[in-house]
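S.K.: give me a 3D structure for the following:
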Amino acid sequence: MTLNPRQRRLLEVVRQHITMSVEELAQQLDVTPQTVRRDVKQMEEAKLLARYHGGVGLPSSVENIDYSQRQVLNSEAKRRIAKAVAAQVPSGCSLLINIGTTTEEVARALSHHRGLHVVTNNLNVAAILADNPHSEVIVAGGVVRGRDRGIIGEATIDFIRQFKVDIGIIGISSIEPDGTLRDFDPREVKVAQAIIEQSREVWLVADHDKFGRQALVRMAHVSQIDVLFTDARPPEALSKALKEAHVKVVVAP
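M.R.: Numbers count the residues shown, from 1 in each chain. Below is the predicted model of the structure:
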């Protein structure tokens, strides 16, 4: 689902207030309750919102949006982020790239770079970059997760720990206002933590919908990353956490 400006505002209002009634949302957005109900229904189907008794709120923090829906959600923003990342990746460097639809866009943006050495636990990233005859792709071993072709498990972590790369490029499901990074699958989180450990620099790629989103498992803190690539200015509290952690923020044009 690609959100229109009204729906983006609706999502932001719900995130700020946790739960709100349809009537309150209609008043806040200056639209009819019927418009809110229609938007909420579409966003509930995309697992961006949930309807509870007496109001509208955020969905459960234990389940991620389906991969097929994440592929199209904010796809233009993800392409802009990927282009900004690719502009700063030098040819001839080594990379670790993890699971995620944004990291897959980064792989597409890197498809014409020369001399890259890419280690990944994402079969989609591997397939994209394998078409580049001027780069080397190394695929981690482990259990393949069918829904998104991510590779996870202890064997994956052991494999990644053999490498020390120039840049680790990671995606995330949630960035909380205090700078905590969260995701949904503990096994995926452990792999991402290994990537952070084995990277000389860590670049986080996340569109603005990740700001304040809820997820269950703590992965890291922004103080463990060097650069955040996003498509919009982070909210005030998060901006403060990023500044205190000396994280460079790149907002894709």
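
S.K.: neighbouring strands for the helix or strand harbouring residue 229, and are they parallel or not?
M.R.: Per DSSP states H and E: residue 229 is located in strand 227-230. Partners of strand 227-230 in the sheet, by DSSP bridges, are strand 199-205 (parallel), strand 248-251 (parallel).

S.K.: contact partners of the shortest one?
M.R.: Contacts of strand 248-251 with the rest of the structure, by Cβ atoms under 8 Å, 6 or more residues apart in numbering, involve 84, 88, 226-234, 239, 242. For glycine as for every other residue, the C-beta is placed from the backbone atoms N, C-alpha and C.

S.K.: which pair in the residues you listed spans the largest distance?
M.R.: 88 and 239 (20.6 Å; Cβ to Cβ).

S.K.: so for these two, which sits in the more crowded spot?
M.R.: residue 239 (15 against 11; other Cβ atoms under 10 Å).

S.K.: nearest residue to that one in space, please, no chain neighbours.
M.R.: Here the nearest residue to residue 239 in space, its sequence neighbours aside, is residue 233; by Cβ to Cβ, 6 or more residues apart in numbering that works out to 7.1 Å.

S.K.: any idea how far the one you found lies from residue 211?
M.R.: Relative to residue 211, residue 233 is positioned 10 Å away (Cβ to Cβ, to the nearest Å).

S.K.: and the residue nearest to residue 239, how many neighbours?
M.R.: Residue 233 has 12 neighbouring residues, counting by other Cβ under 10 Å.

S.K.: now do the SS call for it.
M.R.: Assigned with DSSP: H, G, I helix; E, B strand; the rest coil, residue 233 falls in the coil class.

S.K.: you'd agree it is up against residue 252?
M.R.: No - using Cβ atoms under 8 Å, residue 233 makes no contact with residue 252, being 11.4 Å away.

S.K.: so what touches stretch 82-93?
M.R.: Outside stretch 82-93, the residues touching it (Cβ under 8 Å, 6+ apart) are 95, 102, 105-106, 108-110, 113-117, 165-167, 169, 203, 205, 227, 229, 250, 252-253.

S.K.: which of the residues you listed are buried?
M.R.: With burial judged by 16 or more other Cβ atoms under 10 Å, the buried subset of these is 95, 102, 105-106, 108-110, 113, 116-117, 165-167, 169, 203, 205, 227, 229, 250, 252.

S.K.: these in helices, which ones?
M.R.: 102, 105, 106, 108, 109 (DSSP state H).

S.K.: if you average the pLDDT over the helix or strand that contains residue 156, what comes out?
M.R.: Following DSSP H and E, one finds residue 156 within helix 154-160. The pLDDT scores in helix 154-160 average 95.

S.K.: stretch 169-177 now?
M.R.: On average, stretch 169-177 scores 94.

S.K.: and it, which residues are buried?
M.R.: The neighbour-count check on stretch 169-177 (16+ other Cβ under 10 Å) flags 169, 170, 171, 172, 173, 174, 175, 176 as buried.

S.K.: and for stretch 22-35?
M.R.: For stretch 22-35, by 16+ other Cβ under 10 Å, it's 22, 24, 25, 26, 28, 29, 31, 35.

S.K.: quick one: which of the contacts of strand 248-251 is nearest to residue 75?
M.R.: The closest of these, once distances to residue 75 are taken by Cβ to Cβ, is residue 231, at 11.2 Å.

S.K.: domains in the protein, by residue range?
M.R.: The record's domain split for the chain, according to automatic domain parsing, is 5-59, 68-251.

S.K.: just say which of these is most tucked in.
M.R.: Among these, ranked by average contacts under mean count of other Cβ atoms under 10 Å, first place goes to domain 68-251 (a mean of 19).

S.K.: which other residues reach the helix holding residue 156?
M.R.: 96, 119, 121, 140, 141, 142, 143, 190, 191, 194, 195, 198.
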